[in-house]
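Asker: my questions are about this predicted structure, shown below with the sequence.
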Protein chains: 4
Amino acid sequence: MANVTWKGVYPALLTPFKADDSVDFDVYKINLQAQMDAGVDGIILGGSLGEASSLSNEEKRDLLFFSKEIVPGDFPVIINIAEQTTKAAIQLAQDSETNGADGLMLLPPMRYNADSKETLEYFKAVATNTSLPIMIYNNPVDYKIMVTLDMFEAMMPYKNIQAVKESTRDVSNVTRMINRFGNRFSVLTGVDPLAMESLCMGADGWVAGLVDAFPAETVAIYRLVKAGMIDEALKIYRWFLPVLELDIHPKLVQYIKLAAQHTGIGTAHVRAPRLPLEGEELKAVTAVIEKALAARPVLPDYLNLKHKKDAAWA
Amino acid sequence: MANVTWKGVYPALLTPFKADDSVDFDVYKINLQAQMDAGVDGIILGGSLGEASSLSNEEKRDLLFFSKEIVPGDFPVIINIAEQTTKAAIQLAQDSETNGADGLMLLPPMRYNADSKETLEYFKAVATNTSLPIMIYNNPVDYKIMVTLDMFEAMMPYKNIQAVKESTRDVSNVTRMINRFGNRFSVLTGVDPLAMESLCMGADGWVAGLVDAFPAETVAIYRLVKAGMIDEALKIYRWFLPVLELDIHPKLVQYIKLAAQHTGIGTAHVRAPRLPLEGEELKAVTAVIEKALAARPVLPDYLNLKHKKDAAWA
Amino acid sequence: MANVTWKGVYPALLTPFKADDSVDFDVYKINLQAQMDAGVDGIILGGSLGEASSLSNEEKRDLLFFSKEIVPGDFPVIINIAEQTTKAAIQLAQDSETNGADGLMLLPPMRYNADSKETLEYFKAVATNTSLPIMIYNNPVDYKIMVTLDMFEAMMPYKNIQAVKESTRDVSNVTRMINRFGNRFSVLTGVDPLAMESLCMGADGWVAGLVDAFPAETVAIYRLVKAGMIDEALKIYRWFLPVLELDIHPKLVQYIKLAAQHTGIGTAHVRAPRLPLEGEELKAVTAVIEKALAARPVLPDYLNLKHKKDAAWA
Amino acid sequence: MANVTWKGVYPALLTPFKADDSVDFDVYKINLQAQMDAGVDGIILGGSLGEASSLSNEEKRDLLFFSKEIVPGDFPVIINIAEQTTKAAIQLAQDSETNGADGLMLLPPMRYNADSKETLEYFKAVATNTSLPIMIYNNPVDYKIMVTLDMFEAMMPYKNIQAVKESTRDVSNVTRMINRFGNRFSVLTGVDPLAMESLCMGADGWVAGLVDAFPAETVAIYRLVKAGMIDEALKIYRWFLPVLELDIHPKLVQYIKLAAQHTGIGTAHVRAPRLPLEGEELKAVTAVIEKALAARPVLPDYLNLKHKKDAAWA
């Protein structure tokens, strides 16, 4: 089993489909290889961007097996848990552990707007029924439930709850988490258009979306910021922002699949009720992608940077 | 198969559970009998109040079979569809039809914030794959997606899309629907604390929540308004409002189960991640229920009223 | 000084301007006469619809004097207070009393998002510095501050705080106010597209907007509902709703001035920063008004109805 | 007249009052001196934090005169314009220019939710009636109206519109403004708890609030980030955040006045309807301030740093 450091870039991978709606493992493999070549630090399967709402748990398991065969032994594969009942969440956590997952990303209960205590009990129930390390996915914008600092305080005794995917869209939460908990919880930014700001303020990692189409650029920004090379990172980030904004749209799946199709590492098919883009919307998104490709920056040798030693930074 | 008029009171039934989490058919039967005695016009299974998020489709099917055995042949049993994929929605619609359901209540796609076109395609896909009559459940407050007047316009050719459960919390929508579509779509109010207002403005029916604990009072209000006896209805409604407000809280399931326990036709157990009420919250909700019970009104003979003949009204 | 019953229809009058931006007293008089002919029960000057944000206190005073000369002695003229400091609010209240106003409509402090205690202190300061009767204007949608039931409870000892203009857009508040306070506070609906619903539920009066263009239709609906003639009222209200919705748009001033121009009792000029309507927006609003005029209902003899005797109703 | 570079730290100064509600020029002078000693780059009078809603234009003028007598000739004094009519805004702009102001901060029209065109016309009317340089204050959270990128595009021909106080709370707007307009508009962050993030991403300046109590710490953070000394800045910023959050509360005036009282450069009195803090709220805010004071960092020699030469940065 791979150790998860919760530092670095973790793509929330797309799930490519064939025209007949079945999972396209060939395209999946191409994209996964591109991610590894670019220097990502692990992968996340079955998240929102992976069309979790359209995948069965069996399909998540098959993607897990397939990924584990491809990646190096020390490269973590993390499974997303987005369930409606505590029972189903525990089951998926245990099955994932049995099937070789290296970590879990855990959303609050789906659909029911659980209160703080109910959400905590749900998290604890999962944490105590698996030995896998867990990243709590904090996204009240899409999923209503806010995981507060006090709730993280209550989770401190649970050693395998180790990280947060910070998607509150309030970038001050990076500093609040660090101020309150030091390095007890790794803080990973989960909103592409706020990622560089978060990394500048000390976030440990990036659960990324547009990495699925632009892996090298994403890892480059991460590595440059961690090396203290802010100006170089900012150049790339300013080029990247119009594309990164595709990550916060309800149609992020269609948008990012289209981008990945343009960069040659993905296909556009989505499962109903999602429909492919068309008309003005397709034009507009294509224009954003093409404009970015036309000005695609030459990246520095970002895989071979010296990291800053400052404890407050790296 | 029972004909669904889409007029009258339709309880969104609770799903009682035993301490071991299994469905409690005995208590279910007691409540269903109380509903029928009170004069409701049909029932809805597997809605939000029925803890759809915690039920399997097999359990919804068992509740359907069990209900059909109890109710008269002409008493409609309606199944709620709240699915994440078009495929699963069609499957559930067809299984429900096979298993004897008389109608469907249909939510937009769950979890994914589908746009208007995607939502319409999803609705049409279900409508064209079943012959059952369908009520569209319009609730952007809880489920993000708004079903607009233009979307209803696009649904007009689909004859089995016959009604809307109006839960936008904008009571003007009753008048907008009637102004735009006449009686093409029956309009049922789906928010207990706006129900009387909606009925005064011409809503055809009421998909009710607190009816699960107070069936007679609910049907009484409905019948009195339809008979033009506004003052009598208002007296009951003013008594009822503090209890009706339990229907719009995220914990409506726990709140209404507690109320049903107090009126002797339900039990409080809920499935995780929902937790039973406790502490100050339990005190506060109990106080509301007990205060209502202490002043429970004597109802008129509401089952034997003459209906108003005015076409604009009834 | 005229007694204010806080029952009936109270137009929030427009302030017509000439092309040179000065107040147009001739047009004002024409509209005021139309209001009185239609049977309104009083008038409100200097509200949002009266372009309070563009009027000086001197202009409000001049409108007050002018109105008092025109109306009968027992016809109340109410001044709106929308001030940023307690000092200025008290001053305007006292000046209005000196100048012959019969009542006040009082908003919470403007611009500063005062908390409950600060808002209460502000209200009490005004109430104790005038003998005029006061209607509290409750509109958190436009003005952020919510006047809660508990705050009304705290205002009970202040006998001249007598009414609320209910503009929370939560029509259940009519019933909550009545349940909690009986008839201690008159409840007037302040949102045209929720007016009939509110009146059905027992609201005492209507602070109306579209009355400024359609006075007879507005008073007709009010009188019919109070006489228990719901069907007749509903016919007019369903015709009226597309026009009434102009009342809840940020450009309600331009929209309603345009409507009043179409019905011959107003002019369209507004003071900057407001600009006149143009292009597609002008087309769309004109279409709504013209469609309504083309189907303008024949009204019953609504000024000579018998009122319902039921205590819960009238 | 002082040149405004729109780079650096610009305190939105408090307006201290005596117990009798009059402006306290002695305390004002003490605070202003502390600001200059700390190395701020200009001051802003009559903003939200300066209790604009409680000041008369005469008082703003007196503060302007008084300030100009104290500060060096090349130290800009900027007046905030928050008016309800175009006429009044132009008047205040011209009076301020006559009275020696060096620049203006301009809010959209107050109270009326003007649309884009109306807001632009308002801005243009002010800009064409003064020669003073102007910073547009973009704060839809408090003032409803959003100044969009397209609106800034339309303002490009107006040379004296030179800057934006970025208070949208969407820190990505720093990058969007820079991507779209290069350095045509200086971007100043206007939300203390997002300031360091904004400065890291290239914001030119900081319109600051807590600077009124902690001037040295604020300027230190600014200078350190601009010098590329992110780690040092981050140490101070992490200490500062709990206090900086006082800036985004509706009671920011009372909170920051309390902080300034604790640091010996302010007093707590506020004008009604604002009330002084008391009870639990006073305790809580005092605790935040005292905790910060107990751990107040030793600052580096931040007034004598070398600035980074990178064009993308400084």
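Answerer: Arrived safely.
Asker: secondary structure class for the residue in the stretch 151-300 of chain A positioned nearest to chain C?
Answerer: Nearest residue of the stretch 151-300 of chain A to chain C: A:E280, at 17.9 Å (CB to the nearest CB). Every residue, glycine included, has its C-beta placed from N, CA and C. Following DSSP: H, G, I helix; E, B strand; the rest coil, A:E280 is assigned to helix.
Asker: tell me, how many neighbours does it end up with?
Answerer: A:E280: 8 surrounding residues under other CB atoms under 10 Å in any protein chain shown.
Asker: and if you look at A:D37?
Answerer: 12.
Asker: tell me which helix or strand it sits in.
Answerer: Counting by DSSP states H and E, the element that carries A:D37 is helix A:25-38.
Asker: packing partners of that helix?
Answerer: helix A:57-70, helix A:215-226 (3 or more CB pairs under 8 Å, 6 or more residues apart in numbering or on different chains; DSSP states H and E).
Asker: quick one, strands of the stretch 1-150 of chain A?
Answerer: With strands called from DSSP state E, counting those that start in this stretch, the stretch 1-150 of chain A shows them at A:8-11, A:43-45, A:77-81, A:103-106, A:134-138.
Asker: export the helix holding A:D37 as CSV, just CAs?
Answerer: Output of helix A:25-38 as CSV, limited to C-alpha atoms (Å, rounded to 0.1, in the frame of the first residue of the first chain):
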residue,chain,number,x,y,z
PHE,A,25,-10.2,2.1,-20.0
ASP,A,26,-8.0,2.9,-23.0
VAL,A,27,-8.5,6.6,-22.8
TYR,A,28,-8.4,6.4,-19.0
LYS,A,29,-4.9,4.9,-19.3
ILE,A,30,-3.7,7.5,-21.7
ASN,A,31,-4.7,10.3,-19.3
LEU,A,32,-3.3,8.6,-16.3
GLN,A,33,0.0,8.2,-18.0
ALA,A,34,0.0,11.9,-18.9
GLN,A,35,-0.7,12.7,-15.2
MET,A,36,2.2,10.6,-14.0
ASP,A,37,4.6,12.0,-16.7
ALA,A,38,3.7,15.5,-15.5
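Asker: in it, what's buried?
Answerer: Within helix A:25-38, the residues scored as buried using 16 or more other CB atoms under 10 Å in any protein chain shown are A:25, A:27-28, A:30-32, A:34-36, A:38.
Asker: follow-up on the earlier one: which of the strands of the stretch 1-150 of chain A sits closest to chain D?
Answerer: strand A:134-138 (17.8 Å).
Asker: let's see the pLDDT reported for the residue of chain A most remote from its centre.
Answerer: No residue in chain A sits farther from the centre than A:G279, which is 29.3 Å out by CA atoms, centre = their mean. On pLDDT, A:G279 comes in at 98.
Asker: same thing with A:H307?
Answerer: pLDDT, read off for A:H307, is 69.
Asker: quick one: the residue of the stretch 1-150 of chain A found nearest chain D from chain C, how far?
Answerer: Nearest to chain D, among the residues of the stretch 1-150 of chain A, is A:L149, at 11.5 Å (CB to the nearest CB). From A:L149 over to chain C the distance is 24 Å, taken as CB to the nearest CB, to the nearest Å.
Asker: in contact with that residue, which residues?
Answerer: With contacts defined as CB atoms under 8 Å, 6 or more residues apart in numbering or on different chains, A:L149 is in contact with A:176-177, A:180.
Asker: buried ones among those residues?
Answerer: For those, a neighbour count by 16+ other CB under 10 Å gives the buried set as A:176-177.
Asker: A:A12: how many residues sit nearby?
Answerer: Using other CB under 10 Å, A:A12 has 27 neighbouring residues.
Asker: surely it touches A:E51?
Answerer: No - with contact defined as CB atoms under 8 Å, A:A12 and A:E51 do not form a contacting pair (10.7 Å).
Asker: hmm, back to that, so which of the helices and strands packed on helix A:25-38 comes closest to B:T128?
Answerer: helix A:57-70 (26.6 Å; CB to CB).
Asker: which neighbouring elements make contact with that closest one?
Answerer: The criterion is 3+ CB pairs under 8 Å, 6+ apart, and the helices and strands that helix A:57-70 contacts are helix A:25-38, strand A:43-45, strand A:77-81, helix A:86-98.
Asker: what residues does that helix touch?
Answerer: A:15, A:23, A:25, A:28-29, A:32-33, A:43, A:45-46, A:52, A:77, A:79-80, A:92, A:95-96, A:99-101.
Asker: show me the shaky parts of chain A.
Answerer: A:307-314 (pLDDT under 70).
Asker: quick check: residues of it near chain D?
Answerer: Applying CB under 8 Å from any CB of the partner chain, we find that chain A lies next to chain D at A:171-172, A:175-176, A:178-179, A:193-194, A:196-197, A:200-202, A:228, A:230-231, A:234-235, A:237-238, A:241-242, A:245, A:308, A:310, A:312-313.
Asker: which of those count as buried?
Answerer: Counted by 16+ other CB under 10 Å, the residues of chain A next to chain D give A:171-172, A:175-176, A:178, A:193-194, A:196-197, A:200-202, A:228, A:230-231, A:234-235, A:237-238, A:241-242, A:245, A:308, A:313 as buried.
Asker: please flag which of the residues you listed sit within helices.
Answerer: With DSSP state H as the criterion, helices contain A:172, A:175-176, A:178, A:196-197, A:200, A:230-231, A:234-235, A:237-238, A:241-242 from among those.
Asker: can you tell me which of the residues you listed is nearest A:L258?
Answerer: Checking those against A:L258 with CB to CB, the nearest one is A:P242 at 13.9 Å.
Asker: distance check, that closest one against D:L149.
Answerer: Taking CB to CB, to the nearest Å as the measure, A:P242 falls 12 Å from D:L149.
Asker: ok, now A:T15?
Answerer: Per CB to CB, A:T15 is found 34 Å from D:L149.
Asker: is it true that A:F185 touches A:M177?
Answerer: Yes - judged on CB under 8 Å, A:F185 makes contact with A:M177 at a distance of 6.1 Å.
Asker: so what's A:F25 up against?
Answerer: Contacts of A:F25 by CB under 8 Å, 6+ apart are A:F66.
Asker: kindly state the neighbouring-residue count (a burial measure) for the nearest residue to A:V211 once chain neighbours are set aside.
Answerer: The shortest distance from A:V211 to any non-neighbouring residue, by CB to CB, 6 or more residues apart in numbering or on different chains, is to A:T218 (3.9 Å). Neighbour count of A:T218, defined by other CB under 10 Å: 28.
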